[in-house]
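Q: predicted coordinates and the sequence they were generated for:
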Amino acid sequence: MRETKRLTVAQALIHYLASQSVERDGQVAPFFGPVLGIFGHGNVGGIGEALESAQDRVRFIPVRNEQAAVHAAAAYAWQKRRLGALVCTTSVGPGATNLVTGAAGATINRLPVLLLPGDVFARRSVRPLLQQLETGGSPGVTVNDALRPVSRYWDRVERPEQLLAILPEAMRVLTSPAETGAVTICLPQDTQVEAYDWPRAFLEPRTWHVPRAEPEPALVDEAARLIVNASRPMIVAGGGVRYSAAEAELGRLAREFAVPIAETQAGKGSLAWDHPFNLGPVGATGGLAANRYAREADLVIAVGTRLGDFTTASTTAWQNPAVRFVAINVDGADAAKMDALPLVADARQALRTLHERLAASGSGPDAERTRYVAELRDEWTVEMDRILAEQAQAHPTQAQVIGAVNAVVGREGTVINAAGSMPGDLHKLWRSVDPDDYHVEYGYSCMGYEIPGGLGIKLADPARAVCVLVGDGSYLMMNSEIVTTIQESAPLTIVLVDSHGYASISALARSMGARNEFNQLRLRDPKTGRLDGPAPTIDFVAHAASMGATALRVDSIAELGAALEKARRADRTTVIVVEVDPENRVPGYGWWDVPVAEVSESATVREARAAYEHAREAERWRS
């Protein structure tokens, strides 16, 4: 007779999660950190009671917004290099649907998060339940089904014994280098509290091995041959370099065989900026050096990148008709993009094996290529210095703010940002010194990610300084987790860049011929009925202080530098508000395909359409 333990479904679930560890390269660590969430009638009696019983083993953090909880979990997983995850629990109804945006971001960015939304009664005897969606012909469909397309794994526990199969499969996906993302397990509130005799073996501690897939030898030989025969090879480093911890292998291959590196947003920091073969950012938000080299490249080795449209500059980055692609990726679909030679493998293992093949071939650094890379780096360094030193008028520039943050935070902390114009400026101007100093969520470009993301990094590494760079538009969208940072003694430095609205989209709209004020923070003129009145006065300092933060306004870069130093030593979250000149922008060195209206009464739109059609001629289609 097997040994069992009688627990509710929620109790067994929490016990199971607390018993899971992960191992890679012989290093073992607990997989799950705290549980984040908000309680309502859909989870308070089940998950809430289970967490109360387990609070000496499992930390629960009440948050202010369910979407923010998932953003925090995604950033936590990033900081842990996908070897750790947070759990997010919500009630039924709006609490559950608030998870959708965060889940989409986690899945797009391949970051493991576990979502436990409450659900309607499995037994269906009480219906319609408060907050229940009723759809004719499909009584089993609930609002939680909205999470299906944004989850890598989705299931609903309608009977206790289903958990015996669901949880191991959920763990397999969460710890998979290729399949990870948001995992959703829906929990009907009556099922949560139902008791069952659980096999003790199911509740025993378990360690999940994270494998390092080896590349196909014949394909490595072909990739090495392509590199040896290329005159202008380059590597595009993506987030897979970080998650594989392949930075050392990447730098060694670049230096010993004179193959320059270009960085995606997720790959920034793979090499320190002072590495002689780091050309900096590539693509639509790329810089002068990498984009100039890319236009001439005859071989591109894509390492751990999805090759999204910003990285490829909407397929205009590589203009050499003879260019070939090699892709190193744990995901077979990503490895096959751009008609690439697919090396489906762990980035570290593939780079090590490729290095061995190149060394065996007698290949070494190419003197002419080394000289050319150094010239491009020097030219780009001069250009960056010019942008950072450019004198502002009434207010500092966004570039100057980035330079000031880089000078203070870059030594020992992490800068975090998400949507708007700032990711592009950071991609160009931030000079990384280690792989952990730069986290910009740009796979989903999600406004509101910044402050909860900063909390997630702080939860993953409490000793690390975290500086959140956030625009006023994004701050107004999601700022409530400032309260959570105070609650959890997890101090952040938040630099609020006030540009009076959605300055990034405002600039994009103008480049497309628009002449409206839709994206600026303006009062509506009662006479015209249009949003062309003055900017409203918003006291961001008072707002942040009301949530418990130390808050101050600065008017110059010198004042910002002093405030950053003070915040670095503070024991609570500090919000620093700085107004910038939204018209003083960092130049662009790449292109992004955003269609312009083909027919318009506006002359400026028609001019923009003509320029757009001309730019599209540089697109190079590849499967």
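A: Ah, there it is.

Q: helix or strand: which one has V22?
A: Per DSSP states H and E, V22 falls inside strand 20-24.

Q: repeat for A96
A: Element membership of A96, judged by DSSP H and E, is helix 94-97.

Q: same for that helix, what does it pack against?
A: On a contact count with 3 or more C-beta pairs under 8 Å, 6 or more residues apart in numbering; DSSP states H and E, helix 94-97 meets strand 113-119. Where C-beta positions appear, they are placed from N, C-alpha and C, glycine not excepted.

Q: next SSE after the strand it packs on?
A: Counting by DSSP H and E, the next helix or strand C-terminal to strand 113-119 is strand 153-156.

Q: what pairs with that following strand, parallel or antiparallel?
A: Paired with strand 153-156 in the same sheet, following DSSP bridges, are strand 182-188 (parallel).

Q: now do the strand it pairs with: distance to the chain's middle.
A: Centroid separation between strand 182-188 and its chain, computed with C-alpha atoms, centre = their mean, to the nearest Å, is 22 Å.

Q: please apply the same query to stretch 557-564.
A: Taking C-alpha atoms, centre = their mean, one finds stretch 557-564 lying 28 Å from the centre of the chain it belongs to.

Q: what sits up against it?
A: Residues outside stretch 557-564 that contact it (C-beta atoms under 8 Å, 6 or more residues apart in numbering) are 396, 400-401, 403-405, 407-409, 467, 493, 495, 552, 554, 574, 576, 578.

Q: separate out the buried members of those.
A: Applying 16 or more other C-beta atoms under 10 Å to the contacts of stretch 557-564, the neighbour count classes 396, 400-401, 403-405, 408-409, 467, 493, 495, 552, 554, 574, 576, 578 as buried.

Q: list the contacts for the closest residue to T285 other than its chain neighbours?
A: The shortest distance from T285 to any non-neighbouring residue, by C-beta to C-beta, 6 or more residues apart in numbering, is to G424 (3.7 Å). Applying C-beta under 8 Å, 6+ apart, we find G424 in contact with 284-285, 586, 588.

Q: let's have these in TSV, adding pLDDT and secondary structure.
A: Supplementary listing: the contacts of G424 in TSV, determined by pLDDT from 0 to 100; DSSP: H, G, I helix; E, B strand; the rest coil:
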residue	pLDDT	secondary structure
A284	96	coil
T285	96	coil
V586	92	coil
G588	92	coil
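
Q: max pairwise distance over those residues: which two?
A: The span of the contacts of G424, defined through C-beta to C-beta, is set by A284 and V586 at 12.8 Å.

Q: what is the neighbour count of T381?
A: 16 (other C-beta atoms under 10 Å).

Q: what about W430, neighbour count?
A: For W430, the count of nearby residues is 25 (other C-beta under 10 Å).

Q: what sits against it?
A: W430 sits next to 268, 402, 406, 410, 415, 438 when contact means C-beta under 8 Å, 6+ apart.

Q: now, which of the residues you listed lie within helices?
A: The helices, defined by DSSP state H, take in 402, 406 from those.

Q: so which of the contacts of W430 is the closest to A340?
A: Closest approach to A340 among the contacts of W430 (C-beta to C-beta): K268, at 21.8 Å.

Q: so what's the backbone phi/psi at the closest one?
A: phi -60, psi 130 (degrees, to the nearest 10).

Q: not counting sequence-adjacent ones, nearest residue to it?
A: Closest residue to K268 apart from its sequence neighbours, by C-beta to C-beta, 6+ apart: Y438 at 5.0 Å.

Q: from D197, how far out is that neighbour?
A: Computed as C-beta to C-beta, to the nearest Å, the Y438 to D197 distance reads 50 Å.

Q: ok, now W78?
A: Taking C-beta to C-beta as the measure, W78 falls 39 Å from D197.

Q: more neighbours: which of these two?
A: The neighbour comparison of W78 against D197 (other C-beta under 10 Å) goes to W78, with 27 against 13.

Q: tell me the predicted confidence for that one.
A: Here the pLDDT value assigned to W78 is 98.

Q: the inter-axis angle of the helix or strand harbouring it versus strand 113-119?
A: Secondary structure from DSSP H and E places W78 in helix 66-79. Put simply, helix 66-79 runs at 160 degrees to strand 113-119, going by axes from the mean of the first three to the mean of the last three C-alpha atoms, to 10 degrees.
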